[in-house]
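[1] Have a look at this prediction, sequence included:
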Amino acid sequence: MGLRPIYHQLENRVEAHILVAFLAYALSGTLKQRLQALAPSLTPRAVLEKLATIQMLDVCLPTTDDRWLIMRRYTQPDPDQVLMLHQLNLALTSQPSPRIEAQEEQAQTVQETLKM
C-alpha cells in the first residue's frame, strides 16, 4: 500500500496508524452488515453518534491510609440508547467492582494515562 500518514516520522508509527485505520474500516463494515440484518433503517454513523455519549471513567477517591479507592463506571444509557442496544442485540456489562490501590500504583496509572 502506498498509504503513508503525513505527520508520522517513524516507521512503526506509520504501520500503527495504518493498522488502526484498517481496523476502523473493518469494524465499520461489520457494523454496517449487522445493521442491515437487524435494523436496516440505521447507518453506522447514526449508531456511533447515538452511542457516543456513553462514556467510561475512573472515579478515584483517596482513603485515610494513603491508598485510593477506584471505581470504574460508565454513564447510564438514555431510553433511546437502551432501545438501540436492544435492537442490535447488544448489552452493556455490569458495572465493575471497586478496587483499592496503593498510592504508588495510582501514581503510575495516572502517568501511564497521561502518556496516551
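    Structure received.
[2] going forward, measure contacts between C-alpha atoms and count neighbours the same way
    Fine.
[3] For burial, what's the neighbour tally of residue 65?
    8 (other CA atoms under 10 Å).
[4] Tell me, what's the model's pLDDT at it?
    The predicted structure scores residue 65 at 89 on the pLDDT scale.
[5] What ranges does this structure have for its helices?
    11-38, 44-51, 79-87, 103-115 (DSSP state H).
[6] can you put those in a markdown table and add mean pLDDT, distance to residue 96 and mean neighbour count?
    As requested, those are exported to a markdown table (pLDDT from 0 to 100; distance: least, CA to CA, whole Å; neighbours: other CA atoms under 10 Å):
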| stretch | mean pLDDT | distance to residue 96 | mean neighbour count |
| --- | --- | --- | --- |
| helix 11-38 | 90 | 26 | 13 |
| helix 44-51 | 93 | 20 | 14 |
| helix 79-87 | 92 | 19 | 13 |
| helix 103-115 | 63 | 17 | 11 |
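[7] Of the ones you listed, which is nearest residue 67?
    helix 103-115 (5.1 Å; CA to CA).
[8] re earlier: let me have the helices of the chain in a markdown table, extended by distance to residue 70.
    Formatted as a markdown table, those follow (distance: least, CA to CA, whole Å):
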| stretch | distance to residue 70 |
| --- | --- |
| helix 11-38 | 30 |
| helix 44-51 | 25 |
| helix 79-87 | 26 |
| helix 103-115 | 9 |
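[9] Mind checking those helices for the one nearest to residue 66?
    Of all these, helix 103-115 comes closest under CA to CA, at 6.2 Å.
[10] thinking again about what came up before, of all the helices of the chain, which one comes closest to residue 59?
    So among these, helix 103-115 is nearest, using CA to CA, at 11.8 Å.
[11] What residues does residue 41 make contact with?
    residue 35 (CA atoms under 8 Å, 6 or more residues apart in numbering).
[12] any idea how far residue 32 is from it?
    Look at residue 41 and residue 32: by CA to CA, to the nearest Å, they are 11 Å apart.
[13] Surely residue 60 touches residue 73?
    No: using CA atoms under 8 Å, residue 60 makes no contact with residue 73, being 10.8 Å away.
[14] thinking again about what came up before, list just the one of the helices of the chain that sits closest to residue 69.
    helix 103-115 (9.6 Å).
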